[in-house]
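S.K.: sequence and predicted structure, then a few things I'm wondering about:
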Amino acid sequence: MEILITGGAGFIGSHILAALQGRPDIKVVIFDNLSGGSREHVPTGMELIEGDICDQERLDTVFRNHSFSAVVHLAAQTMVPFSVAQPTVDCRVNLEGVLHVLEGCRMYKVPHILFSSSAAVYGDNLNIPLQEEARLLPTSPYGITKMTTEHYLRVYHELYGLDATVFRFANVYGERQGEKGEGGVVSIFCKLLSEHRGLTVYGDGNQTRDFVYAGDIAQAIVRALPLTGYHTLNVSTGTETSINELIESFEKAVGHAVPVDYKAARPGDILRSVLSNQALASALNFAPQTDLAQGILRTYEWYCSAASK
């Protein structure tokens, strides 16, 4: 099969490419504007086409020149603070861009699209662990675009028969996150510690998140390529981890105590977050396997290696 991965040279895309490397049964085409990705992430033998999802003509040419069995849509504006500051830009990239991809699938009869959504669609909901049937009440323009895209996928499935798999990612971390911009809390901590600096925590550190390793995200997406129908799946560990517990994992990775500066909590920050992964296990017979200590060590060692180059 031949698959297209938009944004495939970026953080999560790089882990998917690594998972697919050496698969003779799958030909991979990457479409990426390289604003957040890198050519270095693309293994030899995979085709990289430089372009932007907002460039409909360029994207149409890619669909016309290939016969894709599936599209993995990762290309997006991913920063919540940026979406708050620049909601129109966020909307253009995340909604106009996805419509170009969806129209490519419809016009060139691609049977399946797999979409990277986010826990941000749930907003601040304390009925945890959150299941896929929970109400959607995003609290940022970024979350709104993810929720809206999910509705577009459902409608394209109902109107045009396009099979769609929606992945709602928990807090993803791993190597190569935040290389070209602000990443999640794990990448921020990695960068600070690799520079021998202390950490800043807003609040008392008891706020919780569900940290899932990017390599496990990649495995879920690869396993889902043959799915048919419409599916919405949380990709998560189902484990609630406090920021203080995260810091303990970092202390094990670096081998010493870490200085932490606790500041006042920021308004609007979510206090607790964890997603159920029961639907993922049922649909794909899979649950993330990388425990936090192992994943943090792997990520921190990569940051140290990258910082020394």
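M.R.: Thanks, I have it.

S.K.: for F31, helix, strand, or coil?
M.R.: Three-state assignment for F31 (DSSP: H, G, I helix; E, B strand; the rest coil): strand.

S.K.: which positions within the helix-or-strand element of the chain with minimal mean pLDDT qualify as buried?
M.R.: Every helix and strand in the chain was compared by mean pLDDT, DSSP states H and E; the lowest is helix 80-85, with a mean of 88. For helix 80-85, the buried set under the neighbour-count rule, 16 or more other Cβ atoms under 10 Å, comprises 80, 82-83. Every C-beta, even on glycine, is put in place using the N, C-alpha and C of the backbone.

S.K.: list the contacts of the nearest residue to S118 once chain neighbours are set aside.
M.R.: Excluding the flanking residues, the one nearest S118 by Cβ to Cβ, 6 or more residues apart in numbering is K146, at 4.9 Å. Listed by Cβ atoms under 8 Å, 6 or more residues apart in numbering, the contact set of K146 reads 94, 117-118, 120-121, 138.

S.K.: all strands of the chain, in order?
M.R.: Along the chain, the segments classed as strands by DSSP state E run 2-6, 27-32, 47-50, 70-73, 112-118, 163-169, 171-173, 199-202, 208-209, 211-213, 230-235, 241-242, 260-263.

S.K.: so what secondary structure elements neighbour the first one?
M.R.: If you count contacts as 3 or more Cβ pairs under 8 Å, 6 or more residues apart in numbering; DSSP states H and E, strand 2-6 packs onto helix 11-20, strand 27-32, strand 70-73.

S.K.: any stretches of the stretch 101-250 of the chain with poor pLDDT?
M.R.: Within the stretch 101-250 of the chain, the stretches with pLDDT under 70 are 179-183.

S.K.: could you rerun that using 80?
M.R.: 178-183 (pLDDT under 80).

S.K.: distance check, the closest residue to C54 other than its chain neighbours against V222.
M.R.: Nearest residue to C54 in three dimensions, chain neighbours excluded: G97, at 5.2 Å (Cβ to Cβ, 6+ apart). Between G97 and V222 the distance is 23 Å, computed by Cβ to Cβ, to the nearest Å.

S.K.: higher neighbour count, the two?
M.R.: G97 (25 against 20; other Cβ atoms under 10 Å).

S.K.: re earlier: now the buried residues of helix 80-85 in a markdown table, with distance to V185?
M.R.: As requested, these are exported to a markdown table (distance: Cβ to Cβ, whole Å):
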| residue | distance to V185 |
| --- | --- |
| V80 | 12 |
| F82 | 17 |
| S83 | 18 |
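
S.K.: which among these gets closest to A306?
M.R.: Here the nearest of these to A306, counting by Cβ to Cβ, is F82; it sits at 23.4 Å.

S.K.: OK, contacts around that closest one?
M.R.: 89-90, 142.

S.K.: follow-up on the earlier one: need the strands of the chain in a markdown table with mean neighbour count and distance to Y300, can you?
M.R.: Listed next are those as a markdown table, based on neighbours: other Cβ atoms under 10 Å; distance: least, Cβ to Cβ, whole Å:
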| stretch | mean neighbour count | distance to Y300 |
| --- | --- | --- |
| strand 2-6 | 25 | 27 |
| strand 27-32 | 24 | 26 |
| strand 47-50 | 16 | 29 |
| strand 70-73 | 26 | 28 |
| strand 112-118 | 24 | 24 |
| strand 163-169 | 23 | 21 |
| strand 171-173 | 25 | 10 |
| strand 199-202 | 16 | 13 |
| strand 208-209 | 23 | 17 |
| strand 211-213 | 27 | 13 |
| strand 230-235 | 23 | 22 |
| strand 241-242 | 16 | 16 |
| strand 260-263 | 12 | 16 |
